[in-house]
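> My questions are about this predicted structure, shown below with the sequence.
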Amino acid sequence: MFESLSEKLSGILDKLTGRGALSEEDVNAAMREVRRALLEADVALEVVRSFVDRTRTKAVGAAVIKSVKPGQMVVKIVHDSLVETLGTESQAIDLNAPAPVAIMLVGLQGAGKTTTAAKIAKRLTERDKRKVLMASLDVKRPAAQEQLAVLGQQVGVATLPIVFGEDPVAITRRAESAARLQGYDVVIFDTAGRTHIDEPLMQEMAEIRDAGRPHEILLVADALTGQDAVNLAKNFNEQVGLTGIVLTRMDGDGRGGAALSMRAVTGKPIKLLGIGEKMDAIEDFHPSRLADRILGMGDIVSLVEKAAQNIDMAQAAKMAEKMRKGVFDLNDLSEQLAQIEKLGGMGGIMGMLPGAAKMKDQLAGANLDDKFVKRQRAIISSMTPQERRNPDLLKASRKKRIAAGSGATVEYVNRLLKQHRQMADMMKAMGGGGAKRGMMGKLGQMMGLGGGMPMPSPEQIEAMQKQLGGAGLPGAPSGPPGIPAAPPPGAFNLPTQFPGLGGGPKLPGLGASFNPFGAKKK
């Protein structure tokens, strides 16, 4: 999503940032290209006009901050205008109402209302610790109510028992009554859709709204929808009265015009984004972060949040301990690849990194796609536990067997083993126990201190900290606890046994009076 728009806008703005000074004509030419890029991305015409006019006015009359290039200032103005178009701040689902809080999902057929209902229920149950009841009001589509019941079992959320022949308004009243009597915090109404907007649909939505009195009415819209997204949002807002929008299929390859248009036309905030088919593939909508992605600036904050939610901290601590010891086998590599898949694969991670869009061709040439990760995990899964723990056992015959079992070639197996060997060597270099193997030992060798300097253990580091903690110079400012304001006497009197440093405590080239704290040696 937004890939084409992001490439075009990044190219336009790169031309501006490369110049030392900008004229009004330069800005106007850039704004014409921006308008063309937005129209090609299926953004509504009135939204494009408003966006370009607002941006041009700010850019031409902007006071350029000292030490900031005019082109960079224009990039900031375009970014701010994008945020303003998408909504200045993030708004979550509002649950600040007497229980049970009713949430009504509306939209056209095929937009993903039923799946979105299950995703929201799972999110509210696990993250907000709410007791949720789901009710399907779709009596038109075959097996729609059964579909919601199956999804409810998958995510561990209760669904209203199905009574055949009941109309949507009666189901709404029964769901609201059951939620109130059984102590549910939230009740979600999954309404019926149509292939297009018609009067019977709007009449049904209005009757359900009056019967259920929902606190939130969310329009579930397909992000792949083109210019018609504006009419869809307008009609539902006028007939039913929306409180927010949920965009689905944001992981698709559409142009993304719906996201930029709906918020600007209806004035209603986009609250959630559906980013995949799995039940946890939904996230809060943050205008500034989406603007960053569109302009190729990445979205590190969302990546960190996703990592915090998906990475098992106990497993991460175990991995860190193994790295500290310099141990890294193929089981560890498989776990790392699994973590990458949880974060959305290589494509999902690279899409959130700043500047990754400009390296698209290089990344494509390196074949760093999701198939690459799956293939590597398949190769590791085709090995025996003993082979994973000790890759040195893998000779030609074993490699052929592994390649046949994983549907790969021996070349891919060799490539994986080479990658693992490089990573294992790096782990040993960072966490090795001896001076010649460990990072600190290599640093000591570079400084001419030889290979006899052992790596201090955590207990030795703590003891040294206590020993250094009481030292200080009279009148010197005190630092944080455990860190002395000055080194204790003799801290820089180096012993004579270090090779290459001569017989005294002098460092080469610094003379006899070297003192890092500036005082004259007496």
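The structure has been received and is ready for your questions.
> Tell me how the protein divides into domains.
Using automatic domain parsing, the domain ranges for the chain come out as 3-86, 101-297, 306-431.
> Tell me which of those sits nearest to Ile93.
Distance to Ile93, taken as Cβ to Cβ, is lowest for domain 101-297 among the domains of the chain, at 5.9 Å. To be clear about C-beta, it is placed using only N, CA and C from the backbone, and glycine gets the same treatment.
> Run the chain-centre distance for the closest one.
Remark: domain 101-297 is offset 23 Å from the chain centroid, using Cα atoms, centre = their mean, to the nearest Å.
> same question, stretch 15-35
For stretch 15-35, the gap between its own C-alpha mean and the chain's C-alpha mean amounts to 32 Å (Cα atoms, centre = their mean).
> Share the number of residues neighbouring Ala320, please.
10 (other Cβ atoms under 10 Å).
> now do Leu151
What Leu151 shows, counting by other Cβ under 10 Å, is a neighbour count of 22.
> tell me the mean pLDDT for the longest helix anywhere in the chain?
Ranked by residue count under DSSP state H, the longest helix found in the chain is helix 410-431. Here helix 410-431 scores 85 as its mean pLDDT.
> what's the answer for stretch 325-333, then?
Mean predicted lDDT for stretch 325-333 stands at 84.
> Kindly report the same for stretch 39-48.
86.
> Can you list the neighbours in contact with that stretch?
Here stretch 39-48 makes contact (Cβ atoms under 8 Å, 6 or more residues apart in numbering) with 2, 4-5, 8, 35, 38, 51, 85, 226-227, 229-230, 254-258, 260-261, 264-265.
> Recalculate using a threshold of 10 Å.
Outside of stretch 39-48, the residues within contact range by Cβ atoms under 10 Å, 6 or more residues apart in numbering are 2, 4-6, 8-9, 34-38, 50-51, 85, 224-231, 233, 254-265, 294.
> Please pick the buried ones from those.
2, 5-6, 8-9, 34-35, 37-38, 51, 85, 224-226, 229-230, 233, 254-265, 294 (16 or more other Cβ atoms under 10 Å).
> So which of these are in helices?
Filtering the buried ones among the contacts of stretch 39-48 for helices - DSSP H - leaves 5-6, 8-9, 34-35, 37-38, 51, 85, 229-230, 233, 257-265, 294.
> can you pull out the strands in the stretch 301-450 of the chain?
Under the criterion DSSP state E, counting those that start in this stretch, the stretch 301-450 of the chain carries no strands.
> Please apply the same query to the stretch 151-300 of the chain.
158-159, 186-190, 216-222, 244-248, 270-274, 282-284.
> wait, which of those is closest to Val78?
strand 270-274 (19.6 Å).
> Which strands border the closest one, and is each parallel or antiparallel?
Here strand 270-274 is paired, per DSSP bridges, with strand 244-248 (parallel), strand 282-284 (antiparallel).
> So Gly326 sits against Asp332, correct?
No: the criterion here is Cβ atoms under 10 Å, and Gly326 misses it with Asp332 at 11.7 Å.
> Quick check: neighbours shared by those two?
Ala424, Met427.
> and Val240, what does it touch?
Contacts of Val240 (Cβ under 10 Å, 6+ apart): Met104, Val106, Thr191, Leu201, Met202, Met205, Ala206, Ile208, Arg209, Pro214, Ile217, Leu219.
> next one: Ile217
Per Cβ under 10 Å, 6+ apart, neighbours of Ile217: 102-106, 189, 191, 205, 208-209, 236-237, 240-244, 268.
> Contact partners for Gly241?
By Cβ under 10 Å, 6+ apart, the contact list for Gly241 reads Met205, Ala206, Arg209, Pro214, Ile217, Lys268.
> I should have written Thr88 there, sorry.
Asp80, Pro269, Pro287, Ser288.
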